[in-house]
Every structure is written in structure tokens, then in C-alpha cells.
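>>> With the input below, show me the fold.
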Amino acid sequence: MSMTQPTADQPAYARNWHRSIDPAYAVLVGICTACNCVPAYYAEASPLAMAGGYQCPCCASHYDPAGRAYAGPASYNLPVPPYVIAEGNKLLIGKNAGDEIYSLDRVERM
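Take a look at the predicted model:
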């Protein structure tokens, strides 16, 4: 099974095996990179032996639990938006830690 390369211009904290700040959380833009539909989440393993993940109902693209595309027409992983985990385990989407500048407009599109 081949994994595609991570979507271009992702935050530094998405450049690890779980593509997130904390492996307990997956923060992803839930729009299929092949057809712009909303992939459905499946907690159970798929017929392709992936332990859960996302599947697009329109084009049948498959993404693993970290949003990596591994089957179907999707050529790019689900983007990781800017976010921080603040005090009290509050998830703040749209904000990066420190002064790191990041914009979803810079994510490479097909």
C-alpha cells in the first residue's frame, strides 16, 4: 500500500507519524482532496485492512486515521489546519503556536 506525500505547506507539528500535536487528536480539514465531498469517518478497519479512517462517499478515496490518502483517486492527504491545544485542553483551530504564519490558502491543491 503506498501513501502519498503530505499535503504541501503543512504546519511543522503535522510532520510526524500521527500528523498532529498530540497523537490522541486528529485535526483535519474534512474535504476530500479529489472531489471536494465530505469523507465519512469509520472507526472499524476497512476491507483494505486499514485500522479505521475516512472514506469519500462520492469518489471512494480512502484516508487513514491521520488523513493520509491511500486508495482511490485522491492524490493529496487531508490538510491539517493551524491549531493549538491551549490550557485546559482547549482546542483552538485557526491559530498556530508562537508567531508561525500559516494559511489554508497556501495548501497545494490538485
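
>>> Strands of the chain, residue ranges please.
40-42, 53-55, 62-63, 69-71, 83-86, 90-93 (DSSP state E).

>>> In a markdown table: the ones you listed, plus mean pLDDT.
What follows is the strands of the chain, written out as a markdown table (pLDDT from 0 to 100):
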| stretch | mean pLDDT |
| --- | --- |
| strand 40-42 | 90 |
| strand 53-55 | 91 |
| strand 62-63 | 92 |
| strand 69-71 | 91 |
| strand 83-86 | 86 |
| strand 90-93 | 86 |
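
>>> Which among the ones you listed is found nearest to residue 30?
strand 53-55 (7.5 Å; C-beta to C-beta). Every C-beta, even on glycine, is put in place using the N, C-alpha and C of the backbone.

>>> can you give me the offset of that closest one from its chain's centre?
The chain centroid and the centroid of strand 53-55 are separated by 10 Å, computed with C-alpha atoms, centre = their mean, to the nearest Å.

>>> I'm done for today, thanks for sticking with me.
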